[in-house]
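Engineer: using only what follows, build the 3D model:
(one chain, ligands or ions: 1)
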Amino acid sequence: MNNTIMSNTMQEKILVLDFGGQYNQLIARRVREQHVYAEIKPYNKISVAQIKEAGYKGVIFTGGPNSVYDENSPHYDPAILDAGIPVLGICYGAQLMAWMAGGTVSSADNSSEYGKTQVTAAENTLFAGVPRESICWMSHTDFIQTPPVGFRVIAHTDKCPCAAMCDEGRRLYAVQFHPEVTHTVYGRQMLHNFLFVVCGCCGDWKMEDFVEQTIAKYRTELADKKVLLALSGGVDSAVAAVLLHRAVGSNLTCVFVDHGLLRKDEGDFVERTFREKFAMNLIRVNAAERFLSKLAGVTEPEKKRKIIGEEFIRVFEDEAKKLGKINALAQGTIYPDVIESGKGDSAVIKSHHNVGGLPDVVDFDEIVEPLRELFKDEVREVGTRLGIPHDLVWRQPFPGPGLAVRVIGEITEDKLALLREADAIFCEEVAQAGLEKVANQYFAVLTGLKSVGVMGDAGTYGYTIALRAVTTDDFMTAEWTRLPYEVLERASSRITNEVPGVSRVVYDITGKPPATVEWE
Ligand code: XMP
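Structural biologist: Prediction:
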């Protein structure tokens, strides 16, 4: 996670040796969940001597997309198996351990297993507390055909003769399945056994340590440097800002571009929080006019997004220029952003995307991403520990283009004002009913549709507001939230009564797919 932790020899830690698997961060996260610090290193960036010197309590070989017999596959120095440090190999890491120790790995089309698979285990330390038969998550074609001398098979499946093996004397364990994914029902127990029984960890690491160590690291690394951060009002950039502010104080400048497409009171809330509560150098750029004039008459969703993205960069660039030399550009990139963009260098592409191409227009020496290895809930925990208000830490996601993608068709100030009111009412009603965490995102949309209504004795002809609430883990797919009728009724009644110009309210009951979460 960071180098400061490397140099802290008192703290117990586990090395996740990365062979290119898609779950490597998840493994580290599962270890951290058990209060043991884990750090990830690419297999070719750390030697056995360095591993010994750093005092790791154990090493986990991750999975990877390769086959051990390919010449170009990632391999590792077999001396690690005799270094006296416990090793757990997972999937490719298991096959690699077998191959390194002189066993054989085979491949057969009919031996591949994918998905939930029943595994039968023999008694052993890794499986202590795990039923003899349990469901594990498999994803492999190659398999360990013959375990190396000194190893015994400790689990198998119908297709896989060696679903797990160990050399208890040398404290070497290997599993063909993925204990880190939740589909492996007893995966947590197995990792617990590895960490606490095999490696002898005591589990005294806390998220507070991450906070303190990250602050200490940046205090040294960024001493006397000017740091610039684009604050969006969302949780990730907020947490990154507060963390870095604790490290570099007034050397951090945050630029908050208010494009006039924010929700009700949002701009003021962000300004108050960062300027008053945290006493940060905050530049709020009130650029509503600039954005709205560019958006005038534009109805096509993609065009709106493009205009906003480009204008955002221009505004930020203008502000950055006024500040003179910037040494570091800070970003609130979190691990899911990194995964979405693929691995390695491509992560930077998403970082550009996240802040709308800022690295291209700001002259700086380095990018600082303090949250790059954390998952969203870990970021929220860090935010809470830093004293960031609950409302901000638990803020629902809000798209960069803001209300522009929730006013269908042309955007005008009047329409934005109307939508802000309707949205605020809906959000209040969801919160009032205690459903803020049931729906992961909920908002109002101003459809372009007008319809006939009646109020008192008079006919009306007003806008149709659509309410949308979704329940989702990852926003890649989503279900529409089954909000109670009473909540919908109160929201509908209040919106039609309290927001002039609205004659009808509808509820969006479409999942994703086929619909997206946002309407544009
Ligand atoms: P969709 O509409 O793609 O939304 O199903 C999935 C999630 O992404 C958010 N979203 C955006 N976030 N910039 C962002 O930062 C955008 O352009 C953008 N478009 C959609 C959306 O609010 C939902 O949480």
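
Engineer: and the closest residue to Gly203 other than its chain neighbours, how many neighbours?
Structural biologist: Excluding the flanking residues, the one nearest Gly203 by CB to CB, 6 or more residues apart in numbering is His35, at 4.0 Å. Where you see a C-beta, it was placed from the backbone N, CA and C, and this is true even at glycine. His35: 16 surrounding residues under other CB atoms under 10 Å.

Engineer: and if you look at Asp508?
Structural biologist: Neighbour count for Asp508, taken as other CB under 10 Å: 16.

Engineer: please begin residue numbering at 39 from this point
Structural biologist: In the new count, where the first residue is 39, that last one comes out as Asp546.

Engineer: which residue packs closest to it, ignoring adjacent ones?
Structural biologist: Leaving aside its sequence neighbours, Asp546 sits nearest to Arg506 (CB to CB, 6+ apart; 4.3 Å).

Engineer: a strand runs through that neighbour, doesn't it?
Structural biologist: Yes: using DSSP: H, G, I helix; E, B strand; the rest coil, the assignment for Arg506 is a strand.

Engineer: bridge partners for it, pull those for me.
Structural biologist: Arg506 has the following beta-bridge partners by DSSP bridges: Phe481.

Engineer: tell me who's in contact with it.
Structural biologist: When contacts are counted by CB atoms under 8 Å, 6 or more residues apart in numbering, Arg506 touches 479-483, 518, 545-546, 555, 557.

Engineer: now tabulate these in CSV and tack on distance to the ligand.
Structural biologist: Conversion of those to CSV gives the following (distance: CB to the nearest ligand atom, whole Å):
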residue, distance to the ligand
Gln479, 5
Tyr480, 11
Phe481, 8
Ala482, 13
Val483, 11
Trp518, 12
Tyr545, 17
Asp546, 12
Val555, 3
Trp557, 8
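
Engineer: in strands, which of these appear?
Structural biologist: 479-483, 518, 545 (DSSP state E).

Engineer: what about stretch 262-276 and the ligand, touching?
Structural biologist: No: using CB under 6 Å from any ligand atom, we find that stretch 262-276 stays clear of the ligand, coming within 7.8 Å at best.

Engineer: can I get that stretch in PDB, CA atoms only?
Structural biologist: C-alpha atoms of stretch 262-276 as PDB (Å, rounded to 0.1, in the frame of the first residue of the first chain):
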ATOM      1  CA  ASP A 262       7.800  21.700   0.500                       C
ATOM      2  CA  LYS A 263       6.000  20.600  -2.700                       C
ATOM      3  CA  LYS A 264       2.900  22.300  -4.100                       C
ATOM      4  CA  VAL A 265       0.000  19.900  -4.500                       C
ATOM      5  CA  LEU A 266      -3.100  20.500  -6.600                       C
ATOM      6  CA  LEU A 267      -6.300  18.500  -6.300                       C
ATOM      7  CA  ALA A 268      -9.600  18.700  -8.200                       C
ATOM      8  CA  LEU A 269     -12.400  18.400  -5.700                       C
ATOM      9  CA  SER A 270     -15.700  17.100  -7.000                       C
ATOM     10  CA  GLY A 271     -17.700  16.900  -3.900                       C
ATOM     11  CA  GLY A 272     -17.700  13.100  -4.200                       C
ATOM     12  CA  VAL A 273     -16.300  10.800  -1.400                       C
ATOM     13  CA  ASP A 274     -13.100   9.800  -3.200                       C
ATOM     14  CA  SER A 275     -11.700  13.200  -3.900                       C
ATOM     15  CA  ALA A 276     -12.900  14.400  -0.500                       C
END
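
Engineer: list the buried ones in that stretch?
Structural biologist: 263-276 (16 or more other CB atoms under 10 Å).

Engineer: would you list those in JSON lines and tack on secondary structure?
Structural biologist: Formatted as JSON lines, the buried residues of stretch 262-276 follow (three-state DSSP):
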{"residue": "Lys263", "secondary structure": "coil"}
{"residue": "Lys264", "secondary structure": "coil"}
{"residue": "Val265", "secondary structure": "strand"}
{"residue": "Leu266", "secondary structure": "strand"}
{"residue": "Leu267", "secondary structure": "strand"}
{"residue": "Ala268", "secondary structure": "strand"}
{"residue": "Leu269", "secondary structure": "strand"}
{"residue": "Ser270", "secondary structure": "coil"}
{"residue": "Gly271", "secondary structure": "coil"}
{"residue": "Gly272", "secondary structure": "coil"}
{"residue": "Val273", "secondary structure": "helix"}
{"residue": "Asp274", "secondary structure": "helix"}
{"residue": "Ser275", "secondary structure": "helix"}
{"residue": "Ala276", "secondary structure": "helix"}
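
Engineer: so who does the residue nearest to Gly241 touch?
Structural biologist: By CB under 8 Å, 6+ apart, the neighbours of His73 are 241-244.

Engineer: the residue of the stretch 89-238 of the chain found nearest the ligand: neighbour count?
Structural biologist: Nearest to the ligand, among the residues of the stretch 89-238 of the chain, is Thr220, at 22.1 Å (CB to the nearest ligand atom). By other CB under 10 Å, the residues close to Thr220 number 11.

Engineer: which SSE is it in?
Structural biologist: Here Thr220, judged by DSSP states H and E, is contained in no helix and no strand.

Engineer: got the phi/psi numbers for it?
Structural biologist: The phi and psi values for Thr220, taken as degrees, to the nearest 10, are phi -70, psi -20.

Engineer: do Ile321 as well
Structural biologist: Torsion angles, degrees, to the nearest 10, at Ile321: phi -110, psi 110.

Engineer: report how many residues lie close to Asp401.
Structural biologist: Neighbours of Asp401 (other CB under 10 Å): 12.

Engineer: next one: Glu327
Structural biologist: Per other CB under 10 Å, the neighbour tally for Glu327 reads 10.

Engineer: how far does the helix or strand hosting it sit from its chain's centre?
Structural biologist: Following DSSP H and E, one finds Glu327 within helix 326-333. Here helix 326-333 shows a centroid-to-chain-centroid distance of 32 Å under the convention CA atoms, centre = their mean, to the nearest Å.

Engineer: try stretch 83-94
Structural biologist: That offset, for stretch 83-94, works out to 29 Å (CA atoms, centre = their mean).

Engineer: show residues contacting that stretch.
Structural biologist: For stretch 83-94, contacts defined as CB under 8 Å, 6+ apart pick out 44, 47, 51-53, 55, 97, 115, 117-118, 121, 123.

Engineer: name the member of those residues with the most neighbours.
Structural biologist: Counting neighbours by other CB under 10 Å, Ile52 comes out on top of the contacts of stretch 83-94 with 27 neighbours.

Engineer: now the nearest residue to that residue once chain neighbours are set aside: which helix or strand?
Structural biologist: Distances taken as CB to CB, 6+ apart place Ala76 nearest to Ile52, at 4.6 Å, with adjacent residues excluded. Ala76 is part of strand 75-80, with elements assigned from DSSP H and E.

Engineer: list the buried ones in that strand?
Structural biologist: Buried residues in strand 75-80, defined by neighbour count with 16+ other CB under 10 Å: 75-79.

Engineer: ok, it: who's next to it in the sheet?
Structural biologist: Using DSSP bridges, the strands paired with strand 75-80 are strand 51-56 (parallel).

Engineer: gap between the strand it pairs with and the chain center?
Structural biologist: Its chain's average C-alpha position is 20 Å from that of strand 51-56, according to CA atoms, centre = their mean.

Engineer: likewise for stretch 413-433?
Structural biologist: 13 Å.

Engineer: what is the lengthiest helix in the chain packed up against?
Structural biologist: Counting by DSSP state H, the longest helix found in the chain is helix 339-360. Counting contacts by 3 or more CB pairs under 8 Å, 6 or more residues apart in numbering; DSSP states H and E, helix 339-360 packs against strand 290-296, strand 319-324, helix 326-333, helix 396-399.

Engineer: neighbouring contacts of it?
Structural biologist: With CB under 8 Å, 6+ apart as the test, helix 339-360 has contacts from 266, 268, 293, 295, 297, 299, 321, 323, 325, 328-329, 332-333, 336, 364, 394-396, 398-400, 438-440, 442-443, 449, 558.

Engineer: could the buried residues of strand 75-80 go into a markdown table alongside pLDDT?
Structural biologist: Formatted as a markdown table, these follow (pLDDT from 0 to 100):
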| residue | pLDDT |
| --- | --- |
| Tyr75 | 92 |
| Ala76 | 92 |
| Glu77 | 88 |
| Ile78 | 89 |
| Lys79 | 90 |
